[in-house]
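Asks: Got a sequence here, can you model it:
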Amino acid sequence: MKKSITLFAILIGAIATIIFSCTRQSVPVPASSCIQIALSSAAGTTTDTVAVNTPITPISYVVTGSITGDTTAIDTLSVSVLGTLPPGVTGTFSGGVFTISGTPSTSVGSPFTYTVTTTGNRCSNTTITGSITVTNCSNITLSSATATTSQTVAINSAITPITYTLGGGATGESVIGMPAGVTGTLVGSVLTISGTPTSSAGSPYTYTVTTTGGSCTATAKGTIAVNPLSTIVLTSGSASQTVSNSTAITPIVYAIGGSATGAVLTGAPSGITGSFAGGVFTISGTPTASGVFTYTVTTTGAGAVTATGTITVNPLPTIVLTSGSASQTVSNSTAITPIVYAIGGSATGAVLTGAPSGITGSFAGGVFTISGTPTASGVFTYTVTTTGAGAATATGTITVTSASIIVSCGITTSSSYQFTWSPVTGATNYSISYTINAGAVNTASTTASSFTVNVSPGDVVVMIVTPIGTGSFTASTPTTCTAIP
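Replies: Coordinates of the predicted model:
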């Protein structure tokens, strides 16, 4: 027959007695029996220690009868718990077994001591005690910015500190998986992970923080990626150049590597820029400002390295006519009037091209002078071009006419006739051709500036003189002289 077993509460002093309702069981108890209670679960279950929200190991007690001298009939049987069980833990009686089980929801009041007792017969009540200790579970909470748990830095660049706050029952921690140079330090309940990675081997690194102490552990994870050092290497062009204003530089090319993702240029003159593509950084352009400029190329990305160079920009070269005429006309073998130019700006000198032979240019103290005696006839357009960084030019014309000669009738007699002329510059001798009375052509040569022809009285002599020497010469026009009759 089923009987109702009622769970009721009894106050013993200041300790609350919690009586759990159990299903009334039909327990065959002879009139001569007393009730016994014994632990039927493992011995350690009566002193269990668990964390909050962790189920306890069920604790079981078996209820039995034994022969005594008491012959009084037993009408009811009750099993109850005296003391306090943790919230979330209860006791149930079924099939002669009393079981305590459940999941503690708090540690407040721990440890919890309980007593299981039986009532309902003439024998003394039977009891058995135990305890349940409930501890807080450890916890770990990130207290730095969320982004700190996933970082990328270059070798020898400090990470942003990562901080965690330990709670619950945690009394310490351990950290594994960090790069060399990075450590964890616990001060009070705050763990700080910081340092400067010294190697990228094995990157990215996944670290794990595990709490110690308490009845259970808590973990937190993060990653630290360590990139190799950035590199910058000059591969072509000169890092130090000198050009004139408005003259393009030779491109300067750097190879960008390691952890670098690009590069930027600072300090260059206006008109000079830098561009990055495919791991190559190129400096190029045409400067529009004069001066000495020290530039710096700085890599971007995790970590930074630099390269420097100098671009010297000279002012534009200048050339200005200061004396003489840029355009002159002279006879062959006649010196020109010196033509003088002032050379300035970035010019270091000048050269002359296109002038007639015999005309030269010379540079001294910022002055370029064109002078000399032409030995060739014609129209010559000359150019003066500055040397040094950049170039400026000036042009002019030298027209050289052929040297001419004028022959005159000199002293005449009845037997001779003298022809005379002015010496011609550059002539070393003179070629002479003449006729007497329109007869045969006679030839001769002389180094003098006169020539005498033997004649008869009244003879008519026609003479042509041609200068011979260095340069271009024109023969004289025919000169006619008549001997005295």
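Asks: distance of the closest residue in space to Thr217 that isn't next to it in sequence from Ile159?
Replies: On the basis of C-beta to C-beta, 6 or more residues apart in numbering, the spatially nearest residue to Thr217 that is not a chain neighbour turns out to be Thr211, at 5.1 Å. C-betas here are computed from N, CA, C, even on glycine. Taking C-beta to C-beta, to the nearest Å as the measure, Thr211 and Ile159 are separated by 22 Å.
Asks: okay, these two: which has more neighbours?
Replies: For Thr211 versus Ile159, the count of surrounding residues by other C-beta atoms under 10 Å is larger for Thr211: 25 against 20.
Asks: what about the more buried one, is that helix, strand or coil?
Replies: strand (DSSP: H, G, I helix; E, B strand; the rest coil).
Asks: Okay, it and Leu234: tell me how far apart.
Replies: For Thr211, the distance to Leu234 equals 53 Å [C-beta to C-beta].
Asks: Now Ala458: closest residue in space that isn't a chain neighbour?
Replies: Heads up, residue 458 is Gly, not Ala. Counting by C-beta to C-beta, 6+ apart, Gly458 lies nearest to Pro485, which is 4.3 Å off, once chain neighbours are set aside.
Asks: I figured that neighbour was touching Thr412, is that so?
Replies: No. Applying C-beta atoms under 8 Å, one finds Pro485 not in contact with Thr412, separated by 10.8 Å.
Asks: Compare those two and say which is more crowded by neighbours.
Replies: Thr412 (18 against 8).
Asks: Let me see the domain layout of the protein.
Replies: In the domain annotation for the chain, the residue ranges read 33-135, 139-227, 232-313, 318-401, 407-482 (automatic domain parsing).
Asks: Same list (those) but as CSV, adding mean pLDDT.
Replies: Conversion of those to CSV gives the following (pLDDT from 0 to 100):
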stretch, mean pLDDT
domain 33-135, 79
domain 139-227, 93
domain 232-313, 94
domain 318-401, 93
domain 407-482, 89
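Asks: Just to check, Lys150 is in contact with Gly222?
Replies: Small correction: residue 150 is Ser, not Lys. Yes. Counting by C-beta under 8 Å, Ser150 does reach Gly222; the two are 6.4 Å apart.
Asks: Between these two, point out the one with more neighbours.
Replies: Gly222 (20 against 12).
Asks: For that one, what is the enclosing helix or strand?
Replies: strand 219-227 (DSSP states H and E).
Asks: Next, the buried residues of that strand.
Replies: Across strand 219-227, burial judged by 16 or more other C-beta atoms under 10 Å covers 220, 222, 224-227.
Asks: likewise stretch 430-439?
Replies: The neighbour-count check on stretch 430-439 (16+ other C-beta under 10 Å) flags 430-436 as buried.
Asks: and stretch 231-242, how far out from the chain's middle?
Replies: Its chain's average C-alpha position is 15 Å from that of stretch 231-242, according to C-alpha atoms, centre = their mean, to the nearest Å.
Asks: That stretch: which residues count as buried?
Replies: For stretch 231-242, by 16+ other C-beta under 10 Å, it's 231-232, 237, 241-242.
Asks: before we move on, what about stretch 353-371?
Replies: Buried positions in stretch 353-371, judged by neighbour count with 16+ other C-beta under 10 Å: 355-356, 358-359, 361, 363, 368-371.
Asks: Then stretch 339-351?
Replies: Within stretch 339-351, the residues scored as buried using 16+ other C-beta under 10 Å are 339, 341, 343, 345-347, 349-350.
Asks: The most centrally placed residue in the chain and Thr212: what is the separation?
Replies: Using C-alpha atoms, centre = their mean, the residue of the chain that lies closest to the mean C-alpha position is Thr299, 1.7 Å off. Thr299 is 43 Å from Thr212, where distance means C-beta to C-beta.
Asks: Does Val175 touch Thr208 like I think?
Replies: Yes. Using C-beta under 8 Å, Val175 is in contact with Thr208, at 7.1 Å.
Asks: Now do the shared contacts for those two.
Replies: None of the residues lies in contact with both Val175 and Thr208 under the rule C-beta atoms under 8 Å, 6 or more residues apart in numbering.
Asks: and those two? which has more neighbours close in?
Replies: Taking Val175 and Thr208 together and counting by other C-beta under 10 Å, Val175 has the greater number of neighbours (19 against 13).
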